[in-house]
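Participant: Give me a model of this one.
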Amino acid sequence: MPLNIPNTLTWARIIMIPVFVGVYYLPDGMMTLPERNLAATLVFGVAAITDWFDGYLARSLGQTSAFGAFLDPVADKLMVAAALIMLVQLGRADATIAVIIIGREITISALREWMARVGRSASVAVAFVGKLKTAAQMVAIPLLLYNAPLLSVQSQWVGTILIYIAAVLTLWSMGYYLHRAMPMLRDSEKG
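Facilitator: Residues are numbered from 1 along each chain as shown. Next comes the predicted model:
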């Protein structure tokens, strides 16, 4: 495992997950709920920024690695899953939405791993619909975490709309990737 700046940022993102979750489990009296919401939103925001930054640095510094390419999406999926589970527990997101998004991530990760093994990973490379899904999700989650008016806009209301949009895009992108992989899946059944 090459220890470089991008991989260090990815590891930092993974380490932020228990910090993010732990904010909501601090003893009563240490922080008010609005303070916990703000802290969790900030931790999630820093994690999202490091996600963009580690990819940028890996490319610009020529520090891409197979391990980094594996670890980066794992860190992203773990942080999003932790956030969705916390939002469900806090009553700010529907469990069905969390199951759809987390289930899709597991399914597509497994599909990508299998496609890489058969030498066809380009067939399930990130598509535009996947990027839209990620964008909707990465705006919705901090808004739902913050859960207070933001510039006279109800963050909960906007976040809820965006998380439902993210869920629809999640299903759409999963269908897209499965459709792209279907010829290889059929061929594997014949072999």
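Participant: element containing Arg92, please.
Facilitator: For Arg92, there is no host helix or strand (DSSP states H and E).
Participant: which phi and psi does it have?
Facilitator: phi -110, psi -10 (degrees, to the nearest 10).
Participant: List the residues that contact it.
Facilitator: Contacts for Arg92 (CB atoms under 8 Å, 6 or more residues apart in numbering) come out as 144-145, 147, 156, 159-160. Where you see a C-beta, it was placed from the backbone N, CA and C, and this is true even at glycine.
Participant: buried sites along the helix ranked longest in the chain?
Facilitator: Counting by DSSP state H, the longest helix found in the chain is helix 155-190. The neighbour-count check on helix 155-190 (16 or more other CB atoms under 10 Å) flags 155-156, 159-160, 162-167, 169-170, 172-174, 176-177, 180-181, 184 as buried.
Participant: about what we covered before: want to throw the contacts of Arg92 into a markdown table with pLDDT and distance to Ile49?
Facilitator: Output for the contacts of Arg92, formatted as a markdown table (pLDDT from 0 to 100; distance: CB to CB, whole Å):
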| residue | pLDDT | distance to Ile49 |
| --- | --- | --- |
| Leu144 | 97 | 18 |
| Leu145 | 97 | 15 |
| Asn147 | 95 | 21 |
| Gln156 | 95 | 23 |
| Gly159 | 97 | 19 |
| Thr160 | 97 | 24 |
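Participant: so which two of these are the farthest from each other?
Facilitator: Greatest spatial distance in the contacts of Arg92: Leu145 and Thr160, 12.3 Å, computed using CB to CB.
Participant: thinking again about what came up before, kindly indicate which of the contacts of Arg92 lies nearest Ala135.
Facilitator: Gly159 (13.5 Å).
Participant: Return the distance of the closest one relative to Met138.
Facilitator: Separation of Gly159 from Met138 (CB to CB, to the nearest Å): 11 Å.
Participant: Is Ile101 in contact with Thr170, as I believe?
Facilitator: Yes: if you go by CB atoms under 8 Å, Ile101 and Thr170 touch, sitting 5.2 Å apart.
Participant: residue boundaries of the helices in the protein?
Facilitator: Under the criterion DSSP H, the chain contains helices at 5-22, 33-60, 66-89, 95-117, 128-146, 155-190.
Participant: Burial check on the nearest residue to Ile165 once chain neighbours are set aside, number of neighbours?
Facilitator: Nearest non-adjacent residue to Ile165, counting by CB to CB, 6 or more residues apart in numbering: Ala136, 4.8 Å away. When neighbours are defined as other CB atoms under 10 Å, Ala136 has 20 of them.
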